[in-house]
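S.K.: A structural model of the following input is requested.
(2 chains)
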2 protein chains.
Amino acid sequence: MITKRLSELEDEDLRSLLSRDVGIQDVLPAVNEIIMEVGSKGDEALFKYTEKFEGAHLDDLRVTQEEIDLSYDLVDDRLLEALSSAADHIFYFHNEQKEHDLWMSEASPGVLVGQKVVPLDSVGAYVPGGRAAYPSSALMTVIPAKVADVPRIVVCTPPQKDGSINPLTLAAADMAGADEIYKLGGAQAIAAMALGTDSIERVDKIVGPGNVYVTAAKMLTRGSVEIDFPAGPSEVLILADRTADPGVIAADMIAQGEHDPKSISVFVSLDDLLASAVAEELNIQAPGAARSDIVSESLEHSAILLADDMDEALDFVNAFAPEHLEIITREPMNVLRSIRNAGSVFLGKFTPVAAGDYASGTNHVLPTSGYARIFSGLNVDHFTKKMTLQMITDEGLLGLEETITTLAEAEGLLAHAESVRRRLEPRE
Amino acid sequence: MITKRLSELEDEDLRSLLSRDVGIQDVLPAVNEIIMEVGSKGDEALFKYTEKFEGAHLDDLRVTQEEIDLSYDLVDDRLLEALSSAADHIFYFHNEQKEHDLWMSEASPGVLVGQKVVPLDSVGAYVPGGRAAYPSSALMTVIPAKVADVPRIVVCTPPQKDGSINPLTLAAADMAGADEIYKLGGAQAIAAMALGTDSIERVDKIVGPGNVYVTAAKMLTRGSVEIDFPAGPSEVLILADRTADPGVIAADMIAQGEHDPKSISVFVSLDDLLASAVAEELNIQAPGAARSDIVSESLEHSAILLADDMDEALDFVNAFAPEHLEIITREPMNVLRSIRNAGSVFLGKFTPVAAGDYASGTNHVLPTSGYARIFSGLNVDHFTKKMTLQMITDEGLLGLEETITTLAEAEGLLAHAESVRRRLEPRE
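M.R.: Modelled structure (predicted):
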């Protein structure tokens, strides 16, 4: 744990905080081998790697309707209700986010310009699994595709050793609207969706979180298929002033830490006493956490940083570009105005990251490792493309004629000018 | 030129029409070498390659304010007016396309969810040049970035042999709002913007059209920088019924052909007589075209295809996914409803592709080679990222508590549940 004033951070500390590497370099050769083998041997390679990595011997990768129906029976009603309530919120948010399917607007007399938004034909959603179950990730990756009206939504998620998918994950994927579900994980799942095999038809785009192998496979197959963005260890940055409760901040850092030993929690404090109080709370709460080993490893490379003023704090936040940003200050909406780089922002003391992870309805598949500088979190746009439109009348074209022919001729494209003049000839 | 009924197309013809390769494979090794050298030697490599490829010896890559001012004096007023009129339309369209900067919406009582759209910090626009001048591409790549409020917009465009930039291109880049303009082209320009050198600070994203070397460099640097999409030879698909004028269709195919010998024009005819008439018109018009050599080479791998009915025609259009689609039928808006894959659509007989290239205001940087299945043309979204927001009240969190804690516990993330309960404790 780094505990320092921002102004006294050494270059090395700052670099290590700001340059969080996704860390795919080491696994690229192994992942490349898997992709090549899936490309050349198809299903045979998928069965082999599923046996090798998941310990599951399968004869068929596709989840059947019977298995899906059974999953609802296997899951407690209370859990199904929670899933359904989360799904409602996620549908609500992504419907609000969706753009108009088609609009047109008159740029000048007789010149209508517009845009039509069209869903992709097919997408693949990767849902992590295996030992743990991530039903929430099934909701988060499938629902925005459904809202975008993608006609073919494929889910790949690794099976348990007995060859089954965790029933809660399966129910979530089905509830969200997945069209095809496969028992397949890791780099081999990405390769199968990118290249296609006998069992799995290829898709146009692959989205969803995953470990370093999954991310490496997404980067390597990016020539044949589009992806959302690279995923690294999850992270939170909490920006708080003296109005915040130190116990809550520590609880949120611990919640972040329980994801993975590589998770990062950074607390930027506008108040020196609060910083000390959070450090104390961490010492009290962390040892009692359910996953205290993972949490303590995560906290080791986390940081408590003291800011001299809000400007210094905001510069650091924007440079860090956190996946999750909590703003627990007197007037969080005032602070939001200066935030340029963050995946998702949690405003005020009653808005924990856990709310966005499960229930507020925003997407929890977010850019990590500083990628929030460049990428948006998973959203409806990832599942659509926009085509532009124009419809021009004879008068409209007459109005544009001079502009088009002058520029076309300046660029040496005389036939472009001719294509306009020929249309207007009958009027001359 | 392929001239056939769609239903009689042989597999080989169909494959060659549908799988238009961007063709970067052959140049990857040479481009990779350039990128490596720019990475290791910086400016020294940029000067070397500019001398080698553009024949220009430079001591400074950055265009000065004096050179920009001079460009306006060098360009004819009529041309400046055309540029300015085109820029007005392009600003109009992209302003219409721009999303609300911030919205919030109440998903359930006390649960506000929303979105904030933020410009990228810096982008690089590649504008082709050298022998020819493409002022329109300067407008098309810079204006959407300007509309998105990107604070640092960099333009790279290759110099002429005398070391200057074509004044029309320079005036266009300045008029559009470029902040920095560099005399640099090809793979070395992409490498410099992606990696940074002493002269050119790196950017977050690179957009814009370019030849196969530029596209290869964009694909190879995609680990360090984000790009818009790969660019291949330009193409048009014209879908027309008997209401269309064959002379206009031929003129548009020729206009498409004059871009590049590799450009592709496909005419899908719903009427046999019209197809023959277009073929005749091509024979009449093509030999007289200003760039008849380029046009005739382009027409060689183009096609006139006869459709038995609209459904067959539409299936082919969506499979081809053209960069430009012209619909010249009795009711083009009816046809548009079934179009799923196209970069930009030109509706009706007074709407030539040339209008979108220069003046209607839509963007002419569009996905080619079938990429319209997956990618949108260049638009304001390319220059922004979206962060999601949530602000929850105590009552709102109480309403979500059961959903969050149930799902968090099902995923084994007990500290997530605890982070919610701790906030609500004082109420219990």
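
S.K.: count of neighbours near A:Ile294?
M.R.: Neighbour count for A:Ile294, taken as other C-beta atoms under 10 Å in any protein chain shown: 18. Backbone N, C-alpha and C define where each C-beta goes, glycine included.

S.K.: Distance check, it against chain B.
M.R.: A:Ile294 is 10 Å from chain B, where distance means C-beta to the nearest C-beta, to the nearest Å.

S.K.: Quick one: neighbours of the closest residue to that residue other than its chain neighbours, just the number.
M.R.: Using C-beta to C-beta, 6 or more residues apart in numbering or on different chains and skipping the chain neighbours, the partner closest in space to A:Ile294 is A:Pro261 (5.3 Å). The number of residues packed near A:Pro261 is 17, by other C-beta under 10 Å.

S.K.: Against B:Arg423, how distant is A:Pro261?
M.R.: Noted for A:Pro261: a distance of 26 Å to B:Arg423, by C-beta to C-beta, to the nearest Å.

S.K.: ranges for the strands of the stretch 1-150 of chain A?
M.R.: A:2-5, A:102-108, A:111-119, A:122-126 (DSSP state E, counting those that start in this stretch).

S.K.: Which of the ones you listed has the highest mean neighbour count?
M.R.: Ranked by mean neighbour count, these are led by strand A:122-126 with a mean of 29 (mean count of other C-beta atoms under 10 Å in any protein chain shown).

S.K.: Can you report the mean pLDDT over the residues of that one?
M.R.: Regarding strand A:122-126, the rounded mean pLDDT is 98.

S.K.: go on, stretch A:4-22?
M.R.: 85.

S.K.: Show me how far that stretch is from its chain's centre.
M.R.: 25 Å (C-alpha atoms, centre = their mean, to the nearest Å).

S.K.: Then stretch A:324-333?
M.R.: From the chain centre to the centre of stretch A:324-333 is a distance of 22 Å (C-alpha atoms, centre = their mean).

S.K.: Of all the strands of the stretch 1-150 of chain A, which one is nearest B:Phe267?
M.R.: strand A:111-119 (22.5 Å; C-beta to C-beta).

S.K.: Counting by contacts, list what the closest one packs against.
M.R.: Other helices and strands packing on strand A:111-119, by 3 or more C-beta pairs under 8 Å, 6 or more residues apart in numbering or on different chains; DSSP states H and E, are strand A:102-108, strand A:384-392, helix A:394-410, helix B:77-97.

S.K.: distance of A:Asp162 from A:Leu58?
M.R.: In terms of C-beta to C-beta, A:Asp162 sits 10 Å off from A:Leu58.

S.K.: Look up which helix or strand the closest residue to A:Lys183 other than its chain neighbours falls in, please.
M.R.: Leaving aside its sequence neighbours, A:Lys183 sits nearest to A:Pro159 (C-beta to C-beta, 6+ apart; 3.9 Å). A:Pro159 belongs to no helix or strand when assigned by DSSP states H and E.

S.K.: In the record's domain split, what are the boundaries for chain A?
M.R.: As given by automatic domain parsing, the domain ranges for chain A are A:2-20+A:232-361, A:25-111+A:119-227, A:393-427.

S.K.: Throw those domains into a markdown table and include distance to B:Gly39, thanks.
M.R.: As requested, these are exported to a markdown table (distance: least, C-beta to C-beta, whole Å):
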| stretch | distance to B:Gly39 |
| --- | --- |
| domain A:2-20+A:232-361 | 17 |
| domain A:25-111+A:119-227 | 16 |
| domain A:393-427 | 33 |
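
S.K.: Can you check which of those gets nearest to B:Gly114?
M.R.: domain A:25-111+A:119-227 (8.3 Å).

S.K.: tell me how far the ends of that closest one are from each other?
M.R.: By C-alpha to C-alpha, to the nearest Å, the extent of domain A:25-111+A:119-227 from end to end equals 18 Å.

S.K.: and if you look at stretch A:255-272?
M.R.: First residue to last in stretch A:255-272 (C-alpha to C-alpha) measures 23 Å.

S.K.: Figure out how far it is from the centre of its chain.
M.R.: That offset, for stretch A:255-272, works out to 20 Å (C-alpha atoms, centre = their mean).

S.K.: could you give the mean pLDDT of that stretch?
M.R.: On average, stretch A:255-272 scores 95.
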